[in-house]
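> 3D model of this:
(3 chains)
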Amino acid sequence: MSASPNHPIGKSVPRKEGRKKVTGQALYVDDISFAEMIYGVTVRSSVPRGRITNISFAGDTPWDEFTIVTAKDIRDIGGENYVALILNDQPYLADEVVNHAEEAIVLLAHPNKYLLEEARRNVRIEYEELPAILTLEDSVDKKEIIWGEDNVFKTFLVDKGNVDEAWTNADLIVEGEYFTGAQEQLYIENNGVIAIANEHDGVTVWGSMQCPYYVHKALIKLFALPEDKVRVIQTETGGGFGGKEEYPSIIAGHAALLSLKCGKPVKIIYDRAEDMVATTKRHPSRTRHKTAVTKDGKLVAMDIEFVIDGGAYCTLSPVVLSRGTIHAAGPYFSPNVRIRSSAVATNIPPHGAFRGFGAPQGIFALERHLDKVAKAVGLTPDEFRRRNFIQQGETTATSQIIREKVDMAGLLDRAFELTGYHEKRQRFAKENEQSRVKKGIGFATFMHGAGFTGSGEVYLASVVGAEATSEGRVKILAASTEIGQGTNTIFAQIASEALGVDSDLIEVAQPDTANVPNSGPTVASRTCMVVGKLVESAVLALKQTLVGSGLLREDYSQSEFQEACRTHIEKFGPLKTFSTYQAPPNIHWNDEKYQGDAYGAYAWAVYVAEVSVDSLTYEAQVEDFVALQEVGRVINPVLATGQIEGGVAQGIGFTLFENVVWQNGRMANNQMTNYIMPTPADIPPIRVYFEENPYAYGPGGAKGIGELPMDGPAPAILNAIENATGVSFDHVPLMPEAIMENLTNVLHGITL
Amino acid sequence: MTIELPCVVNRESIVLNVHPMARLLDVLREQLHLTGTKEGCGEGECGACSVFINGKIVNSCLVPVAQVEGAEIKTIEGIATDNQLHAVQQAFIDCGGAQCGICTPGMVLAAVDLLERNPNPTDAEIRTGLAGNLCRCTGYIKIFESVVRACQER
Amino acid sequence: MRAYIPSYQLVTPPSLGEALDVLAADGGVWRPFAGGTDLMVLLEAGKLPHKNYLNIWNLKELRGIEVTAQHVTLGALTTYTEVQQEKVLQEEFPMLCQAASETGGLAIQNRGTLGGNIVNASPAADSPPALLTYDAELELISLGGARWVAYHGFHTGYKQMIIRPDELLTRIRLPRSADKLQHYYRKVGTRKAQAISKVCFAGTAQVRDGKIEDLRIALGSIAPVPLRCVKTEDALRGSELNQPAIAQARAVLANEIVPIDDIRSTSNYRHQVSLNLLEDFLRQLSA
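Predicted coordinates for the structure are as follows:
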């Protein structure tokens, strides 16, 4: 099933590494071994905040056989004991104090895995406990100052028009408060790394990760090494979803510290319990809305306060906060918007990147709130939104003028047609009176910006290379990782389209910092739109070189192209071209005022959920789901549809199943048995539709899609549950226990 | 304390030297280097470690190796024959049933098992048949489509 | 894998007799190990304190399903898959088949055994409520001989049972009934597959002329042991099927159960859902 050689974009070219994956030949980090390799484990804190008073090595463990690393070893090698990222406040190994449960304190290595576990249990750490902050509310209220001067990692202010003056012009003011919980990424492959480190060669790590150059940057500081002495190689990665964005820097550092000390390769693989309890999750959030509208349903002012719980260290919280802040006002036009946001510290393990990166939290709040506002104004949820959808030429909350064509109302029409929304609304209202099972239908309308926020892409200045081989193939050199989302395949399609050669002729190099340039992290729906565009320009530069050297005509066949590559290499040596990111024209961003073109392009979407709520068990179930989105151009329909379906399923989990139970700042249900994600039996039909409106600065017209499907499910489902039950819920995850607490009075006696 | 334990793995008779309580999963991966069988949860929840024992699908993380004495074991490495993919494997490639690939070996085995018991499953039967295998990437839809495609191709 | 594997023993006796010898010789030192679907989870987590196990998986005496005019008798090693496939169970003991089909995924059902489920003694297990309502009996064998005990009363407290360390659970016997019973089984676990029950309800009844002649009700996950709701049964036995009787039954059950809060659910939820399911059961009888 090979694609047409000339135009693979828009075709479902099969996944490049598909065969390796279906036969079990794909090698993930735990499938790799080296001679002499031994194993490492992490000993972690048992208290949420405290001073370490003593560490002892007890039991009948033969301690002299073990490699033991503590913070002191980092001092001894002259390294920096922090994970280099944004604020550099998180230590690799806690030194004197711990700021959250499950914080790494001691590392152990030994050839015998089983003995290692015995040893881990025999390390005794004593603490003088300090008062801890375990909730976002307590942090905001400053019940204890646990970080900096005010528990605040970062704040943003978006200010458009004049909100304070707008209240007087409003006919109606509607307020609301909304909450979202932590969510575990739950990639099926746990975190893992193998490291080889010695004084002569420096540090090399292989691991499951999204961002090899993040790990690279962190290891340079930890080991005080020059760039070329640190090498990071991504192995096949069994899912990331943001959970392998920043965390692998830690585990890589740990494995490398052990390896440096013992002189052998060291492998650290977390088991599920450790991965769930110790690594990052989605930031819990609280959003307060105060919205002014006219009596005919036009938005006058939106005042939004958005707070996220960052956990004990800053990690990526400022960036998550940024995206959440910018998306918090949605695809609507309001003349006055104020968004005040903050990321605050608590003594729980740091929260981190997770698909959507702050946007799902803010969008959940907004899309729940707008149903509430619509009700207050006396309009249907759809009519209220229609009166406020942003139009081409209007401005977003950050005063970005939308220059691309946008038609939210058209998307809404089509989504309603696909779902029979209006008919169902009426029918369910009638049927619910008689039925024990209450049905409802609801929707969410939203947008998602692709790529880094504001000037982020300019600062990143990503580079992609293209290298011709003497067999006449083209190898793409990029640090963007394949984590299941299809990087290898779409890069090959983009290059193939640009060169007019078969996509089988394109190879995508394994991300290895020794061989590929820094094309930036694999995050933020940027791989296709931003890095893909660089792939396109890098291969076009390669072609231009061949044409410029006179070896290739402008109009060539595939074999002529291959021949030209061969000849060029013979004559002039290796042929590599590189392309560096350049911002599209008319992109202006003011980082001080948080004003301007936040993103080069947005994807636009309408998601519709149909639910049933069983009044016997208070269980809500999604019965049907339609996801309609405009994403520029779809590069590969099967892969793109798969991204949306997977994101919707993860969104359903976020909404109805996945509840992190916190006990004293620690995840108590850190097992797949007790933190329940949807199984094949729980997923409704997910019907995915695309509208295409090619984006001038994306490869082949593509924008980003990866995070989009995480945004819509939660509000659409809760809006549907309100339609089914008449009760408005303001938080996710919405478990049956919470539905019961609110529904027993309403439902009981009517149906039973 | 190890024991000698004869069994058949992917049609080859072998004798293992193992601790009887060792997990079949670890023996397959570490002694036999059959790393296509994955560990996702270690508690029989995710199905990534699925293998066949005497034709029945099981979670190899929950099987102490002593219990496979004399048994016939088949892993993902034994599904394709002579480089020819099984219809289920080909369908997973064609329909986008594999994304990150870590659940894929287990999911392929669950689908093979389902089709051997029920060559024309309904949508509900596909969901039940795969209910012991978790996937975080696909939302399962493309996996269901892969199973349907494999039925058509067989 | 968090356990120190070398500290464990798993020995395979060639016959039932030798298995009983081992169990008797060092009373309590050796414990039976069946399909492993519970024990291996604890082992992996480093939370399996007992070290010495007897691998009974291959004991033929503990396998097979026997049907007589009075009983259906299942070997303790009957797997959930085998339970679901047995025609007489599908027809006469459908709740047991349903419980088996809702326990884990297929890979678990191929390994998990009915006997293992009973002696693992989890209050959240799915088959015990069905077994309780079907008046199951258990055969316990030791060198001293065999004895049959009622399953109702077998669990005496959280993870406590009347089985002695030298005894092995070998068979489970279900009395067949000449009367046409109605069955109602519902497992509530938020997700549709692989759930651990928050509440598991099993009920059987015999109704004639709008009157409940006899009934059995059992609940899982709401007490330290799978609970037969005897008081509620007594209140309903002989009663008319009408709204006052249903309301009274709810009140009795409300007093009979004291569910707990844990990481999976709340006491309130378990309480309320138990009552709702009881009411639904009774309404379906009257329908």
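
> how much space between the residue in the stretch 101-250 of chain C positioned nearest to chain B and C:L96?
Per C-beta to the nearest C-beta, C:G105 is where the stretch 101-250 of chain C lies closest to chain B, at 1.6 Å. Glycine gets a C-beta too; all of them are placed from N, C-alpha and C. Here C:G105 is placed at a distance of 18 Å from C:L96 (C-beta to C-beta, to the nearest Å).

> what about the two, which has more around it?
C:L96 (31 against 27; other C-beta atoms under 10 Å in any protein chain shown).

> Could you look up the SS state of the more buried one?
Here C:L96 is recorded as helix under DSSP: H, G, I helix; E, B strand; the rest coil.

> quick one, what contacts the closest residue to the residue of the stretch 101-250 of chain C closest to chain B other than its chain neighbours?
With sequence-adjacent residues excluded and distances taken as C-beta to C-beta, 6 or more residues apart in numbering or on different chains, C:G105 is closest to B:G132, at 1.6 Å. B:G132 sits next to B:47, B:50, B:57, B:59, B:110, C:104-108, C:193-194 when contact means C-beta atoms under 8 Å, 6 or more residues apart in numbering or on different chains.

> Drop anything exposed from the residues you listed.
Neighbour-count burial (16 or more other C-beta atoms under 10 Å in any protein chain shown) applied to the contacts of B:G132 gives B:47, B:50, B:57, B:59, B:110, C:104-108, C:193-194.

> ok, how many other residues are close to whatever residue of chain B ends up closest to chain A?
Residue nearest to chain A within chain B: B:G36 (2.0 Å; C-beta to the nearest C-beta). Neighbourhood size, B:G36 [other C-beta under 10 Å]: 27.

> Got phi/psi on it?
phi -70, psi -20 (degrees, to the nearest 10).

> Could you measure from it over to B:I79?
9 Å.

> Stretch A:514-530: how far from the chain's middle?
14 Å (C-alpha atoms, centre = their mean, to the nearest Å).

> which parts of that stretch are buried?
Buried, per 16+ other C-beta under 10 Å, within stretch A:514-530: A:516-530.

> ok, is stretch A:194-206 in contact with chain B or not?
No: using C-beta under 8 Å from any C-beta of the partner chain, stretch A:194-206 stays clear of chain B, coming no nearer than 13.7 Å.

> and that stretch, how far from the chain's centre?
Using C-alpha atoms, centre = their mean, the offset of stretch A:194-206 from its chain centre is 29 Å.

> distance between the ends of it?
5 Å (C-alpha to C-alpha, to the nearest Å).

> what do you get for stretch C:121-137?
Start to finish, the residues bounding stretch C:121-137 are 15 Å apart (C-alpha to C-alpha).

> Show me what the mean pLDDT comes to for that stretch.
Stretch C:121-137 comes out with an average pLDDT of 97.

> Would you mark the buried spots in it?
So stretch C:121-137, judged by 16+ other C-beta under 10 Å, has buried residues C:121-137.

> Enumerate the residues of chain B near chain C.
So chain B meets chain C at B:1, B:19-23, B:26, B:42-45, B:47, B:50, B:56-59, B:61-64, B:66-67, B:69, B:110, B:113, B:127-129, B:131-133 (C-beta under 8 Å from any C-beta).

> The closest residue to A:E189 other than its chain neighbours: how many residues sit nearby?
Leaving out its chain neighbours, the residue that sits closest to A:E189 by C-beta to C-beta, 6+ apart is A:G238, at 2.4 Å. The tally of other residues near A:G238 (other C-beta under 10 Å) stands at 30.

> so A:G238 sits in a strand?
No: with three-state DSSP as the criterion, A:G238 is coil rather than part of a strand.

> For A:D303, give me its contacts.
A:163, A:289-291, A:337-338.

> Report all helices and strands that the helix ranked longest in chain C contacts.
Criterion DSSP state H: the longest helix present in chain C is helix C:267-286. With contacts defined as 3 or more C-beta pairs under 8 Å, 6 or more residues apart in numbering or on different chains; DSSP states H and E, helix C:267-286 has these neighbours: helix A:736-747, strand C:182-188, strand C:199-208, strand C:211-220, helix C:243-256.

> could I get that helix in PDB with only the CA atoms?
Extracted as PDB, the C-alpha positions of helix C:267-286 are listed here (Å, rounded to 0.1, in the frame of the first residue of the first chain):
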ATOM      1  CA  SER C 267     -19.800   4.600  52.400                       C
ATOM      2  CA  ASN C 268     -22.700   6.800  51.400                       C
ATOM      3  CA  TYR C 269     -22.400   5.700  47.800                       C
ATOM      4  CA  ARG C 270     -22.300   2.000  48.700                       C
ATOM      5  CA  HIS C 271     -25.200   2.400  51.000                       C
ATOM      6  CA  GLN C 272     -27.400   4.300  48.600                       C
ATOM      7  CA  VAL C 273     -26.600   2.100  45.600                       C
ATOM      8  CA  SER C 274     -27.300  -1.100  47.600                       C
ATOM      9  CA  LEU C 275     -30.700   0.200  48.500                       C
ATOM     10  CA  ASN C 276     -31.400   1.200  44.900                       C
ATOM     11  CA  LEU C 277     -30.400  -2.200  43.600                       C
ATOM     12  CA  LEU C 278     -32.500  -3.900  46.200                       C
ATOM     13  CA  GLU C 279     -35.500  -1.800  45.100                       C
ATOM     14  CA  ASP C 280     -34.700  -2.500  41.400                       C
ATOM     15  CA  PHE C 281     -34.500  -6.300  42.100                       C
ATOM     16  CA  LEU C 282     -37.900  -6.200  43.800                       C
ATOM     17  CA  ARG C 283     -39.500  -4.100  41.100                       C
ATOM     18  CA  GLN C 284     -38.300  -6.500  38.500                       C
ATOM     19  CA  LEU C 285     -39.900  -9.300  40.400                       C
ATOM     20  CA  SER C 286     -43.200  -7.600  40.500                       C
END
